[in-house]
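Trainee: Requesting a structural model of the entry that follows:
(chains A, B, C and D, ligands or ions: 2)
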2 protein chains.
Amino acid sequence: MLRLTKRSEYGLMALAFMAQSGQAYTSVREIVAKLRIPRRLLAEVLKDLSRAEIVEAVRGPGGGYRLTSPADQLSLARVVEILEGSVSVAKCADGGRCDLSPSCTIQEGINLVAQRVKSVLDDFTLAQLADCNSHSQQDPQPAHEVAV
Amino acid sequence: MLRLTKRSEYGLMALAFMAQSGQAYTSVREIVAKLRIPRRLLAEVLKDLSRAEIVEAVRGPGGGYRLTSPADQLSLARVVEILEGSVSVAKCADGGRCDLSPSCTIQEGINLVAQRVKSVLDDFTLAQLADCNSHSQQDPQPAHEVAV
DNA sequence: TTGAAAGGGCACCAAAATCATGCTATATTC
DNA sequence: GAATATAGCATGATTTTGGTGCCCTTTCAA
Ligand code: SF4
Ligand code: SF4
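Mentor: Ligands and ions are numbered 1, 2, ... in the order given. Prediction:
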């Protein structure tokens, strides 16, 4: 359904968290506690991200993960690509072969759509993602939240 | 993986075919023959499209399906929505509830992305899809098409 | 030296979404 | 009535995702 997988969501949540937290290193434990997501799966995801050098890992007490580059230089496309292989809207739009391509009448068009969708993800940075949220869902100082 | 399902692809292929063929009614048989896709699945898809009044069905000899409106007035989003429920990039971006939403730090951002992706599909019409293809894979009267 | 903290690796199970198909019924035209 | 074509229904196979357990290695600090 054109939907992102949990892996991607978890990964993005974690990355956004790191981007906002300000700490040097963030451990899986912390993230899991805050975000309420399956620990092992998150670990899995972070590991993949680490392999792709999106984040850096440091073991031992006080260790954890850290972004290797500024949040505004990491596109969602990159993350999704790493976490689920690619962002292609259709098999053929990704180098993948589709048995139907010879008879497929919409290949060209779909490819164009795929390209556009991709560019949406390409243009969206982690910084934006994290930012976007802090606007409406401030955690610190709930203060005197007046209902709208 | 942000990918369209076969149902959508089959549906779009069929619709594009109808849009181009020029005939009054197009039967499942014909489409299956040309497009090399599973007959029953296509029938299923067309039926759904028929229920949604994207196409009109006429039974009996010479019958088949026909678009109910001009191809340039039918967006991919509409078709995909009918064929796979919705186009949401994330559960929450669609009225669906996600158990994580309370702790989710990227909901806002993802929603924005979802919106953009949706608009890509919204802005892409069946006419464009069909057209896109005919440029490079002309079947009928190749005539003296002058490249733009 | 030793123990706790944290990530790394591996293999496997469970659930859900997708894909695909068979068969029969109903409508329509000739 | 015969042939054509869609409508309806249920079910099985496959693929993709989601989720988890167990144990090892590295690192820091008491
Ligand atoms: S667009 Fe056509 S060729 Fe490309 S994946 Fe879909 S069916 Fe296959
Ligand atoms: S963005 Fe957050 S709330 Fe929305 S579906 Fe994904 S995890 Fe759930």
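Trainee: how about stretch A:105-119: buried residues?
Mentor: Neighbour counts over stretch A:105-119 (16 or more other CB atoms under 10 Å in any protein chain shown) mark A:105-114, A:116-118 as buried. Any C-beta I mention is one placed from the backbone N, CA and C, and that applies to glycine too.
Trainee: pLDDT weak spots in chain A?
Mentor: Where chain A drops to pLDDT under 70, the residues are A:135-148.
Trainee: where do the strands sit along it?
Mentor: Using DSSP state E, the strands of chain A run over residues A:55-58, A:64-67.
Trainee: List just the one of these that sits closest to B:Gly63.
Mentor: Closest approach to B:Gly63 among the strands of chain A (CB to CB): strand A:55-58, 59.0 Å.
Trainee: Let me see the contact set for A:Glu30.
Mentor: A:Gly64 (CB atoms under 8 Å, 6 or more residues apart in numbering or on different chains).
Trainee: Kindly tell me how buried the closest residue to A:Ala19 other than its chain neighbours is, as a neighbour count.
Mentor: Excluding its sequence neighbours, the residue lying closest to A:Ala19 (CB to CB, 6 or more residues apart in numbering or on different chains) is A:Ala71, at 4.0 Å. Around A:Ala71 sit 18 other residues, with neighbours defined as other CB atoms under 10 Å in any protein chain shown.
Trainee: and what of A:Ala24?
Mentor: Neighbours of A:Ala24 (other CB under 10 Å): 10.
Trainee: Then A:Ala33?
Mentor: A:Ala33, neighbours per other CB under 10 Å, totals 12.
Trainee: Near ligand 2, which residues of chain A are found?
Mentor: Within chain A, the positions near ligand 2 by CB under 6 Å from any ligand atom are A:Glu9.
Trainee: Would stretch A:23-41 count as contacting DNA strand D?
Mentor: Yes. Using CB under 7 Å from any atom of the strand, stretch A:23-41 reaches DNA strand D at A:38-41.
Trainee: Show me which pair in those is furthest apart.
Mentor: Farthest pair in those (CB to CB) is A:Arg39 and A:Leu41. Separation: 7.3 Å.
Trainee: interface residues of chain A facing ligand 1?
Mentor: With the criterion set to CB under 6 Å from any ligand atom, chain A comes near ligand 1 through A:90-92, A:98, A:100-101, A:104, A:106-107, A:110.
Trainee: Return a PyMOL selection command for the buried portion of the residues you listed.
Mentor: Selecting only the buried members of these in PyMOL, with burial defined as 16+ other CB under 10 Å, works like this:
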select buried, chain A and resi 90+91+92+100+104+106+107+110
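Trainee: Reformat the residues of chain A next to ligand 1 into JSON lines and put distance to A:Arg51 next to each item.
Mentor: Output for the residues of chain A next to ligand 1, formatted as JSON lines (distance: CB to CB, whole Å):
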{"residue": "A:Ala90", "distance to A:Arg51": "27"}
{"residue": "A:Lys91", "distance to A:Arg51": "25"}
{"residue": "A:Cys92", "distance to A:Arg51": "27"}
{"residue": "A:Cys98", "distance to A:Arg51": "29"}
{"residue": "A:Leu100", "distance to A:Arg51": "33"}
{"residue": "A:Ser101", "distance to A:Arg51": "32"}
{"residue": "A:Cys104", "distance to A:Arg51": "35"}
{"residue": "A:Ile106", "distance to A:Arg51": "36"}
{"residue": "A:Gln107", "distance to A:Arg51": "33"}
{"residue": "A:Ile110", "distance to A:Arg51": "31"}
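Trainee: Cheers, nothing more for now.
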